[in-house]
Structure formats: C-alpha cells, structure tokens
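Colleague: please find the sequence and the predicted model below.
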Amino acid sequence: MFILKRLCFTLFLMCCNMAYAYAAPIMIASCAQLKGISPHSQAHYQLSNNIECKGVEFFPIGPFSGTLEGNGYTIANLTVQKNTEPNAGLFTTLGSATVTAMIKNIHFVNAKVIGADDTHRGLIAGGAYNADISNITVDKLKIESGGDKPRSAASGGLLGVAENTTLFNIHLFNGIHINKNQYAGGLIGIAKENTVIEQSTVIKLSSGGFDCGSGKTCAFGGLIGFVDNNSAEEKVTINQSSATGEIYTKKNAGGLIGLVQATASLDISNSYAIVTVSNKCNSDGGCLAKYAGGLIGRAENNDVGVSGIINLQYVYAAGEIAVFSETGGKGVVGGDHNSPATRVIAYESYFDTEATAHHHSGDRGSIGLNTKQMHNADYFQGWNSAIWTIRSGQYPRLIHTQP
C-alpha cells in the first residue's frame, strides 16, 4: 500500500511538472514588466520586443530558477542599483540543487551593476549555482561598487560566482570596466565545480580600484578571476574563448584567469588572450606587483597534498606582461612564489616572447615564439581549421567567437 501511494504521489508530481513546463510563457514588453518577474519563480518568461530601462529604478530580482527567453531583443540602459542583497545583478542568484535556470538570446546595451560593499556582482546574477546561459551579447558594461570599504567579494561581467553553470556563446564588447573588488573576471569572478565557458569573448576589458591589502588575496582574469574548486573530477573548462584588454591589479593577474587554487583542475583548449598586464598605475591606484601570466596569473602549488591538473591544448598568449619583481611572471602560467607551475600539461601552447615586456619564460610545456613566428601559419598546421582561422601575417583567430 505504501509503495502504491508513493507511486501515485510521484505520478501526480510528474503531471504537475509537465503541465507547468508547457504553460504559456509570461510575456515582457517593458522595463516595468521586467522588474515584475517573480522572485523564487520557476516560470517561463519571454521578451516580446526591445526593452528600454533608462530612468527606471531597478533593484536585483530575488532568486530565480525559471527561464528568461530574450528572442534576440535588446535590454537597453539597465542600471541595477545597490541594496542590502549580498548578490547583485539582473537577478540575485540563479538555479537550485534540483532546478536549472536558463537565460538566453538577449542583447544588452549600456548596462551597469552597482553593488554594496562585499557583494557578489554580475550583469546576469551575483551567483549562479545551476544555470545555462547562452547567446548573450553585451555592448558596454560597468560593474561597480557603491561603497568605499575594503572588498572581499567577487565581480564578473556576467556572474559574480558560478557553480554547475555553463556559459555558451557570450560576447562582451566595446568596453567592460570592473571596479573595486577582491576577485574579478571578464565573465566570472569566482568559478567553482562544473563551470564551463564555451565559444565566448571579452573585448576591451579594463579594471581599477582593487584591494589586495593585508590578509587578502586578489585576482583578476580576462575571463575568470579565481578558480576555486576542490574536486579534480568536477573541473572548470574553457574552450574556444578569448579575452583582450588591460588588467591593473596588485597581484594574480592573467589574460584568461587570475588565480587557480592548488586543488583545482582546469582544462583550457582552443583559446587565447591578448591582454596587457601592466606595471603602470591607473587613476584608481591599482598596480600589479607580482604573479602575472599571459593566460593564468598564478597557479598555486600544493605542498601538503595532491594538486589539480591544468591542461592546455591549442592555446596562446600575446599580451604585454610587466611586473615590479620577477616573482611569478610567466608568458603563459605564473608559478607560486619562486617555484614554477609544476602541474601544467601543455600541448601546442605558445606565447609571444616579444610581446611580453620582460621576455618571460613559459610554464613547463609551453613554447615561446617571436612575433614573426606567431604570425607564421606554418607553426600552427596542426590546429583545427574548423575552429581557427590561420593566416600568415596575423595571430590565429577563432572562427566561432565573433559578436
């Protein structure tokens, strides 16, 4: 009898979920209706036309586990104001242990997110813990702090923190500026288990005002600030993605990733960075002191346990790297203290020795080429022509990641 009752209850839930899944979508035609998305909702929302948010006071929408289908429409001039929430963005957080949130097919123009001190911030959400985000373009973006206290949170162009989350076909271009935080990335501030970035680009990245004071570890990367992952099996993956721009921060700065935790496993394939990691100070007082790399600023070594593996395949770095000291400065992956990054496995991984100001060496497996060689298609004959455009006279370029 118990089994029969349990079976009936399960069938009832399945029928409810099926009915809910096929319910008519809720249409959004204005910024006021966008604001009206229900927190804690699992509903299906769709944009029905372009949305103008100029002059609209907009605060983060509470936890969301539904679907927002943009249908290719634009959300323009969205400014997310700070409030008391620990997560700031269009949504506070996305997804749950049992439900995947989906955000897709939206074009943002001139967006800004202002968070309170120590708030995770990103255009889409402060945190995503089970989400699929795809086909998003962003034309001009600012991620800012509304206070002046020391920061200890994470900021990303799309997400402050990501876990069990996939970003696919994401393009941030025409300028993205991230200001005042501890961990920051062009797409994600902190990436945890099962985070995937696929066919995505960040163009014209810039930064400022980062706090790496006593007791703090800051990190800034073109795509991810900090890979914080304790599971070798549930790794972070980057494929067919790239970043360009400039990074100013006091340590742990990388063209794609700022800092990789010692136990974290990471795969980067068919990707590149042309990011300047400079020792010049900007107007906000951020200067790089140590730990810099063309792709990864610092890969921590684990002296007391097993370290995660960093796999690099068909990648290159061609940004300027300049540090105040020689500590950790590498053409591809920066080491830990005075030790090299010993956990890197590299296959056809290159860096431009002339572009890096101090002609830094690579990691254990990467190869340095001069600029003329980097522009010579003969050195990249093994690279997949369905993924890369390889022409003499220029750096290799990804085919599928143009906005």
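Modeller: Perfect, thanks for sending it.

Colleague: switch to C-alpha atoms for all contacts and neighbour counts from now on
Modeller: Will do.

Colleague: pull the CA atoms of the helix or strand hosting residue 169 into CSV?
Modeller: Element membership for residue 169, per DSSP states H and E: strand 165-179. Provided in CSV are the C-alpha atoms of strand 165-179 (Å, rounded to 0.1, in the frame of the first residue of the first chain):
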residue,chain,number,x,y,z
THR,A,165,26.9,26.5,-14.7
THR,A,166,27.5,26.8,-18.5
LEU,A,167,28.2,30.0,-20.4
PHE,A,168,27.8,29.4,-24.2
ASN,A,169,28.2,32.0,-27.0
ILE,A,170,28.7,35.0,-24.7
HIS,A,171,30.2,38.2,-26.1
LEU,A,172,31.1,41.3,-24.2
PHE,A,173,32.5,44.0,-26.4
ASN,A,174,33.0,47.8,-26.8
GLY,A,175,34.3,48.1,-23.3
ILE,A,176,33.8,46.3,-20.0
HIS,A,177,35.0,48.0,-16.8
ILE,A,178,35.1,46.2,-13.4
ASN,A,179,35.9,48.4,-10.4
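
Colleague: for that strand, what is the distance to the chain centroid?
Modeller: Offset of strand 165-179 from its chain centre (Cα atoms, centre = their mean, to the nearest Å): 7 Å.

Colleague: buried ones in that strand?
Modeller: For strand 165-179, the neighbour count (16 or more other Cα atoms under 10 Å) marks 165-173, 175-179 as buried.

Colleague: heading C-terminal from the helix or strand where residue 368 lies, find the next helix or strand.
Modeller: Secondary structure from DSSP H and E places residue 368 in strand 367-369. Toward the C-terminus, strand 367-369 is succeeded by helix 371-374 as the next helix or strand (DSSP H and E).

Colleague: so what touches that following helix?
Modeller: With Cα atoms under 8 Å, 6 or more residues apart in numbering as the test, helix 371-374 has contacts from 352, 353, 354, 355, 379, 393, 394, 395.

Colleague: helix, strand or coil for the fourth one?
Modeller: Read that as residue 355. coil (DSSP: H, G, I helix; E, B strand; the rest coil).

Colleague: pull the contacting residues for it.
Modeller: Residue 355 is in contact with 318, 319, 320, 321, 371, counting by Cα under 8 Å, 6+ apart.

Colleague: which helices and strands sit right next to the strand holding residue 368?
Modeller: Under the contact criterion of 3 or more Cα pairs under 8 Å, 6 or more residues apart in numbering; DSSP states H and E, strand 367-369 touches strand 344-352.
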